[in-house]
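Quick one: sequence plus predicted model below, questions after.
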Amino acid sequence: MKIKKPNITELVLRDGQQSLIATRMKIEDMIPALSNLDKVGYSSMEVWGGATYDVCLRYLNENPWTRLKTFKKYFKNTKLQMLLRGKNLVGYKSYDDSILSLFIKNAAKEGIHIFRIFDALNDISHIKSSIEFVNREGQNSQGTICYTTSPVHNEKYWLKKAKDIEDIGAKSLAIKDMAGLLRPNTCYELVTKLKKNLKIPIFLHTHSTTGLSDATNLKAYEAGVDNIDTSISSFSNLYAHTATESFISMIYGDNDNPYDMKLLTKISDHFNSIRPKYNQYEGSMRGVDINMLLKQVPGGMLSNLEKQLTDLGKQHRLSQLIDEIPKIRKDVGYVPLVTPSSQIVGSQALMNIIDGARYKTLTKEFIDLVNGKYGKIPGEVCPKLLKKVEKNSPDSDVSETKSILEYKSEFSKFCSENNLKDYSKKETDLLNYILFTNEAKQFYLTLHKSKIDQVIGLQEGFGLYIE
Ligand code: CO
């Protein structure tokens with residue numbers, strides 16, 4: 001029997017390291033593996049996304065666009081892929097179409113081929129313009145359904161969403177199961193029906209948190225899914241994904257394998273050797289967390305909340321916090337939990353636990369979520385909560401929208417005031433400023449400082465700029 005070769009997207013450089021070491025992997029720890037990764041024959045490499053962009057500027061003192069340039073240099077045979085938060089791009093608030101267009105134009109120019117575009121609430125109107133801009137650049141616009149389970153999220157719901165995504169012009173569809181909730185047989189049924197209903201290719205993305213991902217990926221493959229996401233074994237499982245080598249070994253025996261397992265081992269060994277450097281960012285999960293099937297807290301969200309509670313000295317209240325999340329989710333009409341809704345629901349849960357009372361303090365973002373500012377709520381909002389939110393909503397909407405030109409002159413002024421060269425002239429630098437204003441200011445100031453240090457020698461700065 002001829003085996004159909006599976007198309008595999010490798011996640012280690014983005015979601016693998018995001019899920020396991022809070023996105024802290026530096027480019028210098030990636031570079032030694034890049035040429036080998038390019039030889040594997042992956043259908044694409046996921047390399048960029050909201051968290052990588054944010055962390056590059058905020059913590060790693062790396063320009064995310066320079067990182068992308070490095071990838072483009074090394075990946076000659078493999079397509080580069082990114083995750084885009086629809087109208088929120090790589091940030092947490094929604095941007096004007098002119099900014100979406102500028103970002104996508106530059107990302108495509110710098111080497112991104114596949115744009116996986118999602119909206120946390122699966123509001124199609126929030127991904128439509130990004131899909132159009134990606135199409136205009138001639139790249140692969142991948143519309144996404146953020147999978148979740150609830151009384152409103154049934155098969156009919158998903159089939160309709162998927163069709164809507166195809167109808168607005170997406171070139172492919174991703175099923176994004178960020179919490180690992182998609183059961184193998186449900187997935188088989190869903191993929192089978194999607195393949196029947198749609199013309200565009202179907203990609204599956206699922207996480208290992210609940211221990212289902214290996215079986216779910218295999219069933220999806222059997223149902224004819226067009227692409228599977230995996231992460232190299234030394235950065236797999238737990239909050240992350242099925243291991244690349246394991247998935248390949250499910251399909252092939254020792255003698256008929258078109259993938260070079262020795263090459264994959266070499267790659268895995270490299271990432272294994274650098275992982276201990278990031279020990280402090282590892283979560284506490286040791287195996288499978290079956291609770292997630294009931295509570296639906298995605299892996300990345302869990303490790304984040306755990307860290308916040310620990311910082312507050314309240315780590316003993318983690319299970320209480322995890323219990324609170326599904327209750328809030330029900331109250332807000334069963335929103336899927338993915339950035340930014342996961343952060344919004346997570347911080348409201350944190351508030352409720354710290355206050356010892358539900359909704360005593362409402363965060364601004366939570367009020368906005370209930371009011372539909374992040375997109376259309378899939379189900380019904382609990383009437384009691386709605387009343388409370390109405391009482392606390394601001395009288396007028398003060399959300400600001402600045403034009404690109406306004407941002408540009410603001411950034412230019414900042415540069416001249418700080419004796420920096422005018423970074424606002426370059427679109428990618430300007431985008432850093434628009435999307436992460438405070439982090440970008442800090443980044444360019446530090447960049448300037450470290451240049452001075454290189455000139456005068458490191459003696460004085462030593463210890464100051466080394467993380
Ligand atoms: Co993911």
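Thanks, I have it. Residues are numbered from 1 along each chain as shown.

Please give me every residue in contact with Ala223.
187-189, 191-192, 195 (Cβ atoms under 8 Å, 6 or more residues apart in numbering). Where you see a C-beta, it was placed from the backbone N, CA and C, and this is true even at glycine.

and with 6 Å instead?
188, 191-192 (Cβ atoms under 6 Å, 6 or more residues apart in numbering).

Would you list the phi and psi of it?
phi -80, psi 0 (degrees, to the nearest 10).

How about the residues of the stretch 101-250 of the chain by the ion?
Met178 (Cβ under 5 Å from the ion).

In the stretch 101-250 of the chain, which residue sits nearest the ion?
Met178 (4.9 Å; Cβ to the ion).

which other helices and strands contact the helix or strand harbouring Ile367?
For Ile367, the element it lies in under DSSP states H and E is helix 364-370. In terms of contacts (3 or more Cβ pairs under 6 Å, 6 or more residues apart in numbering; DSSP states H and E), helix 364-370 is packed against helix 341-355, helix 383-392.

Centre of the chain to that helix, how far?
21 Å (Cα atoms, centre = their mean, to the nearest Å).

And that helix, what's buried?
For helix 364-370, a neighbour-count test (16 or more other Cβ atoms under 10 Å) marks 365-370 as buried.

most tightly surrounded among the helices and strands packed on helix 364-370?
helix 341-355 (a mean of 21; mean count of other Cβ atoms under 10 Å).

Now for the closest residue to the ion within the chain, how many residues are close by?
Ranked by Cβ to the ion, the top residue of the chain for proximity to the ion is Asp15, at 4.3 Å. Using other Cβ atoms under 10 Å, Asp15 is surrounded by 28 other residues.

try Asn438
Asn438, neighbours per other Cβ under 10 Å, totals 10.

go on, Leu420?
17.

Give me the three-state assignment for Met25.
coil (DSSP: H, G, I helix; E, B strand; the rest coil).

right, and it touches Gln17 too?
Yes - in this structure Met25 lies within contact range of Gln17 using Cβ atoms under 6 Å: 4.2 Å.

And the strands in the stretch 201-350 of the chain, which stretches?
202-206, 227-230 (DSSP state E, counting those that start in this stretch).

contacts for the longest one?
Identification of contacts with strand 202-206 by Cβ under 6 Å, 6+ apart yields 173-177, 180, 182, 194, 213, 216, 220, 225-229.

If we use 7 Å, what do you get?
Strand 202-206 is contacted by residues 142, 172-177, 180, 182, 191, 194-195, 213, 216-217, 220, 225-229 when judged by Cβ atoms under 7 Å, 6 or more residues apart in numbering.

Now, of those, which are buried?
Taking 16+ other Cβ under 10 Å as the criterion, what is buried in the contacts of strand 202-206 is 142, 172-177, 180, 182, 191, 194, 213, 216-217, 220, 225-229.

Nearest residue to Asn257 in space, please, no chain neighbours.
Nearest non-adjacent residue to Asn257, counting by Cβ to Cβ, 6 or more residues apart in numbering: Ile248, 6.6 Å away.

domains of this protein?
8-281, 291-392, 404-456 (automatic domain parsing).

pretty sure Ala174 belongs to a helix, no?
No - going by three-state DSSP, the assignment for Ala174 is strand, not a helix.

Let me know the pLDDT of it.
At Ala174, the model reports a pLDDT of 98.

Let me see the contact set for it.
Ala174 neighbours (Cβ under 7 Å, 6+ apart): 116, 142, 144, 203, 205.

from the buried residues of helix 364-370, which two are the most distant?
Glu365 and Val370 (9.9 Å; Cβ to Cβ).
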